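[1] with the sequence up front, the predicted model follows.
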Amino acid sequence: MTQQIKSAGTQTSSGSEAKPGNAGDNIPTEHGGPVDVRMGLRMPRAPMMNESASLPHLPLRAGHLSAGDLIDLYMAHYAGRDSTRVQRLTWWKSKLGAIALQDVTDDHVHAAIEDLAMQHSRYFAGKDADARPIYRAKRKPLAPATLNRYLQALAAVITWCIRKRIAPKGYVHPCRSVEKRPERNERVRFLSDDERTRLLAACKASSWPRLYVLVLMALTTGARKGELLGLRWADVDLQRAEASVGSTKNGDPRVLPLVPAVVADLQKFKAGATALVFGSPRRPGKAYHFEPLYLQALQAAHIRGVTFHTLRHSCASMLARNGATLLEIGDLLGHRQMQMTKRYSHLATQHKAALVNRVLGDVA
């Protein structure tokens, strides 16, 4: 049985150090962590086909159940790969966990988000003498995008309750009328052509032979790090030049097209069907911890301000600058909402100009 979420502790916005056991253990970081280490929380794994009967029973029209119980039930059935969902829903349990679903209103949700907007995210600042992690508060409050992700996490639970007929008949979704914060995503970092060339050259020289093909796959498929590290050889069809991601961050399956250079390089490392494509040689079944080597490659290539996720943005930018439509880019990246893809629209200016001239150039 998947471990359920337990109630979270009290929030604090102070800038003091927070160690495990403090009331401030559940203050979110900018990207969703950390999780209270006392809870032993982890992402639930997707159930196997013969395990479906062991999942908790879904009650019908059970509006009397608390929001906390329903979050537990939702996470027991959750099959996506969004590692931040546990932490965000743990925070929601600390806010609304004791309220019955039928009594949760948009006022409750709005008040909780407003309170979250006053909090400061934290960053990992090392470990203390007892090897416990230390987190310190940042100076700035949480970004609008982070607040929206928290709202979306709760909205996903309630939408699930409505679709599964757990919510009362005619139940009004309390998140729908809570206004989202405007996100400023104009500054999206992506690699220039020269940076891309230097990075790939540095990856080829890495002590880990698979770093080059990992980075090349990220650049040419737009896949997330977790999706690539979760690939097993059974998911890769080198003859058809494609890889299947069974469950993405959104919980949706996706097929990644593989360019010839990727196929050729993967051929060198082909292994058994159950082995991870980018697995650790010392710990079978675990993904290789490549991040330090990736940072070394960035340093060798003299590239700053770049993370592994930048490769995903770089893939989208290359597509946009070479004539791909936003619909095509969103489909490749696995975006559910066009709003996520629109951040690349300014890169397709030349393509849009050519389209207008081709179709409307003779209008006078």
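    Structure's in. What do you need?

[2] span of stretch 90-110 from start to end?
    Terminal residues of stretch 90-110 lie 17 Å apart, using Cα to Cα, to the nearest Å.

[3] report the mean confidence score over it.
    Here stretch 90-110 scores 97 as its mean pLDDT.

[4] ok, stretch 254-273 next?
    Mean pLDDT, taken over the full extent of stretch 254-273, equals 94.

[5] and for stretch 189-204?
    95.

[6] quick one: contacts of that stretch?
    Around stretch 189-204, the neighbours that count as contacts under Cβ atoms under 8 Å, 6 or more residues apart in numbering are 211-212, 214-216, 219, 294, 296-298, 300-303, 305-306, 310-311, 313-314, 316-317. In short, each C-beta sits where N, CA and C put it, glycine included.

[7] whichever of the residues you listed end up buried, select them in ChimeraX.
    The following ChimeraX line selects those of the contacts of stretch 189-204 that are buried, judged by 16 or more other Cβ atoms under 10 Å:
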select :211,212,214,215,216,219,294,296,297,298,301,303,306,310,311,313,314,316,317
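
[8] show me the contacts of stretch 189-204 that map onto helices.
    The members of these that map onto helices under DSSP state H are 211-212, 214-216, 219, 294, 296-298, 300, 310-311, 313-314, 316-317.

[9] next, the buried residues of stretch 189-203.
    Neighbour count says stretch 189-203 has 190-191, 195-196, 198-200, 202-203 buried, by 16+ other Cβ under 10 Å.

[10] helices - which of these land there?
    Judged by DSSP H, the subset of the buried residues of stretch 189-203 located in helices is 195-196, 198-200, 202-203.

[11] ok, back up a step: which one of the buried residues of stretch 189-203 is nearest L326?
    F190 (15.7 Å; Cβ to Cβ).

[12] from K270, how far off is the closest one?
    In this structure, F190 and K270 are 31 Å apart, going by Cβ to Cβ, to the nearest Å.

[13] do A241 as well
    Distance of A241 to K270, given as Cβ to Cβ: 14 Å.

[14] those two: which is more packed in?
    Neighbours of A241 and K270, each counted by other Cβ atoms under 10 Å, are more numerous for A241; the result is 15 against 11.

[15] which residues does the nearest residue to the more buried one once chain neighbours are set aside contact?
    In space, and not counting its chain neighbours, A241 is closest to L258: 4.5 Å by Cβ to Cβ, 6 or more residues apart in numbering. Under the criterion of Cβ under 8 Å, 6+ apart, the contact partners of L258 comprise 217, 220-221, 236, 238, 241-243, 266.

[16] now, of those residues, which are buried?
    Applying a neighbour-count criterion of 16+ other Cβ under 10 Å, the buried members of the contacts of L258 are 217, 220-221, 236, 243, 266.

[17] would you point out the most distant pair within these?
    Farthest-apart pair in the buried ones among the contacts of L258 is T220 and V236; separation 14.1 Å (Cβ to Cβ).

[18] for the chain, which helix is longest?
    The helix of greatest length in the chain, counted in residues with DSSP H as the criterion, is given as helix 144-163.

[19] packing partners of it?
    helix 67-77, helix 85-96, helix 106-117 (3 or more Cβ pairs under 8 Å, 6 or more residues apart in numbering; DSSP states H and E).

[20] the second one packs against which elements?
    Spelled out, it's helix 85-96. When contacts are defined as 3+ Cβ pairs under 8 Å, 6+ apart, helix 85-96 packs onto helix 67-77, helix 106-117, helix 144-163.

[21] and the shortest one with helix 144-163, angle?
    Looking back up the chat, that one is helix 67-77. 90 degrees (axes from the mean of the first three to the mean of the last three Cα atoms, to 10 degrees).

[22] tell me the angle helix 67-77 makes with helix 85-96.
    Taking the same axes, to 10 degrees, helix 67-77 and helix 85-96 form an angle of 170 degrees between their directions.

[23] now do the second one
    Helix 106-117 and helix 85-96 meet at an angle of 120 degrees, taking the same axes, to 10 degrees as the criterion.

[24] buried residues of helix 106-117, list them for me.
    When neighbours are counted by 16+ other Cβ under 10 Å, the buried residues of helix 106-117 are found to be 108-110, 112-113, 116.
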